[in-house]
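Q: just the structure for this:
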Amino acid sequence: MRLLTVDTFASEAKKLRQHFEARFSNPRSATGDRFVWDLWNVEGQYTALRTPAWEYFPRKLYDAFHQRLVWWGRRTLGCHDVSPPWLSCYVNGCEQRLHGDLPHGPIAFVFSLTDWNERRFTGGETLLLRDEVLEYWDRFISTRSLEENEVLEVIPPRFNRLLAFDPRIPHGVRRVEGPMDPLYGRLVIHGWFVQPRPFIEGPLKERALQDAINRVTDVIGPHLEDGKRIAGLLSLGFSVRSGKAQNVRVLLNTLRGADQRLISDVQKALKTHDFPSGSGVSKVTLPLLFES
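A: Reported below is the predicted structural model:
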């Protein structure tokens, strides 16, 4: 679960796309709202048109989408906010070469407003280096050749698709080949989910959850003995009813250096912990961020 894909993510997608198309409907117009794009070019690495998404769209429309994105991040990842998102447009010659993002946030996202079914270009897919590449020397060198589809995972930016992934994975955007008209380019809103911390919906108090976190910390300790390095984000979801955690499940796992025993021990610690037996049901998203 190093990436999550959600299709038909936002009901605002169609109106966001319509606003973009209206601005470019007359190529001979010279209204001020067309002069907002930065041509971002780092030679040999990045080329795209970009602009701050929150400034480009009508405030009410964008706020509705932004809140949907934030709440999805809280409930699914345990990340309380998103970085200020960019709106990027890729026309002929635009691309992102493979790279990794470390300081921006634990999870990157790409939301597509690309009219993928009517596109007039090739390329534009999000590329992620496959885990198998890390095992190349053990598995492939003496047995068979390794081809591109076994090296790169390719995710098309279909309209209204949200992609969330571990930004440490080398990733990029396949070079777009086609027209220069922005109406027929790759259009995406992108950024990072940030500020991972527990998220509670219901009567459970944060202080009561902290007791459970302390217990989880205790069971994690032995897995870090002998200088073992674990890094990444493990997000778990569960409900608390009548003082017990129920349906404890992994929502996202980007850990490196951990085995299944650690995850099983964390789940067991939550299932056997005694929460306050207050009235009602609480839904909890618990992110565990490992940094080493």
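Q: from memory Gly44 sits against Leu98, does it?
A: No. The pair Gly44 / Leu98 is not scored as a contact, 11.6 Å apart, by Cβ atoms under 8 Å. For glycine as for every other residue, the C-beta is placed from the backbone atoms N, C-alpha and C.
Q: of the two, who's got more company?
A: Leu98 (14 against 7; other Cβ atoms under 10 Å).
Q: ok, so what distance separates the more buried one from Ile155?
A: 14 Å (Cβ to Cβ, to the nearest Å).
Q: cool, Arg256 as well?
A: Arg256 is 21 Å from Ile155, by Cβ to Cβ.
Q: higher neighbour count, these two?
A: More crowded of Arg256 and Ile155, by other Cβ under 10 Å: Ile155, with 18 against 15.
Q: ends of stretch 98-108, how far apart?
A: 14 Å (Cα to Cα, to the nearest Å).
Q: and it, what's its mean pLDDT?
A: Across stretch 98-108, pLDDT averages out at 87.
Q: ok, now stretch 276-292?
A: 89.
Q: flag every buried residue along it.
A: Neighbour counts using 16 or more other Cβ atoms under 10 Å place 278, 282, 284-288, 290 of stretch 276-292 among the buried residues.
Q: what is the burial count for the nearest residue to Glu95 once chain neighbours are set aside?
A: In space, Glu95 comes closest to Arg175 once its chain neighbours are excluded; the distance is 3.9 Å by Cβ to Cβ, 6 or more residues apart in numbering. Residues within reach of Arg175, counting by other Cβ under 10 Å, total 17.
Q: show me where the stretch 101-250 of the chain has strands.
A: Secondary structure of the stretch 101-250 of the chain (DSSP state E, counting those that start in this stretch): strands located at 107-112, 126-129, 152-155, 162-165, 171-173, 186-196, 199-201, 232-241, 244-253.
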